[in-house]
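Chemist: what's the 3D shape of this:
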Amino acid sequence: MEAEACEKVEVSRVVIERLDGMPSKARVTSIEAANKVLDNWASCAPESGYDQCDFQILFEDGFRYQGHYPLSKTQKRVSLSRHIRKQLTALATTAAKAGKAADEEDQPVMSPIGSDLAESARIALDHYNF
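Modeler: Numbering: from 1, shown residues only. So this is what the prediction gives:
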């Protein structure tokens, strides 16, 4: 690996689909635009609980990351980036532990870029602009 810092790979497209509440779908070209869409949708979320949204991010080099975003009306600030970084950090530190079978349904899905899920999560955090 080179000693010089390389720029992170940018987002090409984000597709968001609201599964609960009023069905909606949006296709945008940045995380910031996705945050605006999610923020608008949050105003129609239930007073308690959340609406489930699915998202898929495609990066300029073809890497894909997809997961779920819980949309809450009481949330102070929508941040898809923060949500993804939390998921990746958790995967990078816990996915390697044997017997860790926590809700696979809630696990994000990403293009394999490492030897295992934990390594792929670490690489994604280092190389992609979430």
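Chemist: drop to CA atoms for contacts and neighbour counts, all remaining ones
Modeler: Fine.
Chemist: Could I get the full set of strands for the protein?
Modeler: Remark: strands assigned in the chain by DSSP state E are 11-18, 24-28, 51-59, 64-71, 109-110.
Chemist: residues touching the closest residue to residue 79 other than its chain neighbours, list them.
Modeler: Among residues not flanking residue 79 along the chain, residue 35 sits closest, at 5.9 Å (Cα to Cα, 6 or more residues apart in numbering). For residue 35, the contacting residues are 78-80, by Cα atoms under 8 Å, 6 or more residues apart in numbering.
Chemist: returning to that earlier point: could the strands of the chain go into a markdown table alongside distance to residue 89?
Modeler: Formatted as a markdown table, the strands of the chain follow (distance: least, Cα to Cα, whole Å):
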| stretch | distance to residue 89 |
| --- | --- |
| strand 11-18 | 19 |
| strand 24-28 | 25 |
| strand 51-59 | 17 |
| strand 64-71 | 14 |
| strand 109-110 | 14 |
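Chemist: With mean pLDDT as added columns, please give those in CSV.
Modeler: Formatted as CSV, the strands of the chain follow (pLDDT from 0 to 100):
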stretch, mean pLDDT
strand 11-18, 97
strand 24-28, 97
strand 51-59, 96
strand 64-71, 95
strand 109-110, 93
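Chemist: hang on, the earlier thing: and the pLDDT for the residue nearest to residue 79?
Modeler: At residue 35, the model reports a pLDDT of 96.
Chemist: Perfect, that will be all.
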